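**Q** Give me the fold of what follows.
(one chain, ligands or ions: 1)
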Amino acid sequence: MAMPWTDDKGVDRRDPPAVWIRPLAPVDVAQLVAWDRDPAVARLMGRRFDDVDSAQRWLSAMGPRRGRLAFAIMEGGILRGDVELEHIVWRRGEAELRICLGDPGVWGRGLGTAAMQQVLTSAFGPLRLRRVYLRVAVDNARAVHLYEKCGFVKCGRLASTGRLREFRPVWLMEVSAAAYGAAVGVPSAAAAGAGSTTAE
Ligand SMILES: CC(C)(COP(=O)(O)OP(=O)(O)OC[C@H]1O[C@@H](n2cnc3c(N)ncnc32)[C@H](O)[C@@H]1OP(=O)(O)O)[C@@H](O)C(=O)NCCC(=O)NCCS
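**A** You can find the predicted model right below:
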């Protein structure tokens, strides 16, 4: 029997989640700290914050001139997670990406896919980046699948360091503007990468 959200051929007809990203704000920080304390999240991400004050300092150190941009992932009016572009080197057009949906109860519903597409469309569009890279634990299969769906490829296997140092090894993955455009079928994103020149 068809489930309520499938049609008579079993095709999923649920509306895609209304996901959008906006700049992360001080009002979001307490929720990030609460999520940070969840062992299920910490197992995948490591711990980021000692307390709300340290998280506020982290947020106040964001900004394009500092090469760090932080976005809230919103589903309707509800904060679901955060995504950052960090270590941005504008002249080389590259940045490191990090994403986290804070409540394990919302994982696997397509929010991460939608948020990644929005942040990468912005990265390779208005922000004019040419390469985005990230590190992900080798056994984080859901995240690796999502990144590959967005055009990321594995380009190295590293010992974990920093806040992930107690964890297993990580993949270094990267995507170019052209590869992202090809992966999501957005020619303009591919064109943005193909047409840009190196500013070094
Ligand atoms: C990783 C994360 C951003 C993904 O977002 P999400 O909303 O859960 O993922 P989505 O529902 O958009 O997509 C998940 C995809 O992985 C697939 N998937 C789920 N579990 C999987 C598994 N164990 N192995 C392989 N693929 C899996 C899903 O089928 C889906 O692919 P599809 O769209 O091709 O069917 C989110 O789960 C999260 O924040 N997790 C905790 C923190 C984390 O791991 N961050 C990344 C650290 S680098």
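**Q** which ones are touching the closest residue to residue 94 other than its chain neighbours?
**A** Closest residue in space to residue 94, ignoring its immediate chain neighbours: residue 131 at 4.2 Å, by CB to CB, 6 or more residues apart in numbering. (C-beta placed from N, C-alpha, C; glycine too.) Contacts for residue 131 (CB atoms under 8 Å, 6 or more residues apart in numbering) come out as 92-95, 174-177.
**Q** so, in contact with the ligand or not, stretch 62-74?
**A** No. With CB under 6 Å from any ligand atom as the criterion, the ligand is not reached by stretch 62-74; the gap is at least 8.7 Å.
**Q** That stretch: how far from the chain's middle?
**A** With CA atoms, centre = their mean, to the nearest Å as the basis, stretch 62-74 stands 12 Å off its chain's centre.
**Q** could you measure residue 135 against residue 162, distance?
**A** 9 Å (CB to CB, to the nearest Å).
**Q** Just give the number of residues close to residue 33.
**A** 19 (other CB atoms under 10 Å).
**Q** tell me which residues in the one helix or strand it maps to are buried?
**A** Using DSSP states H and E, the element containing residue 33 is helix 29-36. By neighbour count on 16 or more other CB atoms under 10 Å, the buried set for helix 29-36 is 29, 31-33, 35-36.
**Q** returning to what we had before: residue 135 and residue 162: which is more packed in?
**A** Per other CB under 10 Å, whichever of residue 135 and residue 162 has more neighbours is residue 135, with 18 against 7.
**Q** dump the residue contacts of that one.
**A** Going by CB under 8 Å, 6+ apart, residue 135 touches 96, 158, 160, 164, 170-173.
**Q** What about the residues you listed, which one has the most neighbours?
**A** Tallying neighbours with other CB under 10 Å puts residue 173 at the head of the contacts of residue 135, with 22 neighbours.
**Q** so that one, which of the three states?
**A** strand (DSSP: H, G, I helix; E, B strand; the rest coil).
**Q** re the thing from before, just the contacts of residue 131: which are in helices?
**A** residue 177 (DSSP state H).
**Q** Point me to the residue of the protein nearest the ligand.
**A** Nearest to the ligand in the chain, going by CB to the nearest ligand atom, is residue 112, at a distance of 1.9 Å.
**Q** Make sure that residue is indeed in a strand.
**A** No. Counting by three-state DSSP, one finds residue 112 to be helix, located in no strand.
**Q** now the helices for the chain?
**A** 29-36, 39-45, 52-60, 111-124, 141-149, 177-184, 187-195.
**Q** Quick one: those helices as a markdown table, columns for mean pLDDT too.
**A** Formatted as a markdown table, these follow (pLDDT from 0 to 100):
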| stretch | mean pLDDT |
| --- | --- |
| helix 29-36 | 96 |
| helix 39-45 | 89 |
| helix 52-60 | 97 |
| helix 111-124 | 96 |
| helix 141-149 | 97 |
| helix 177-184 | 94 |
| helix 187-195 | 49 |
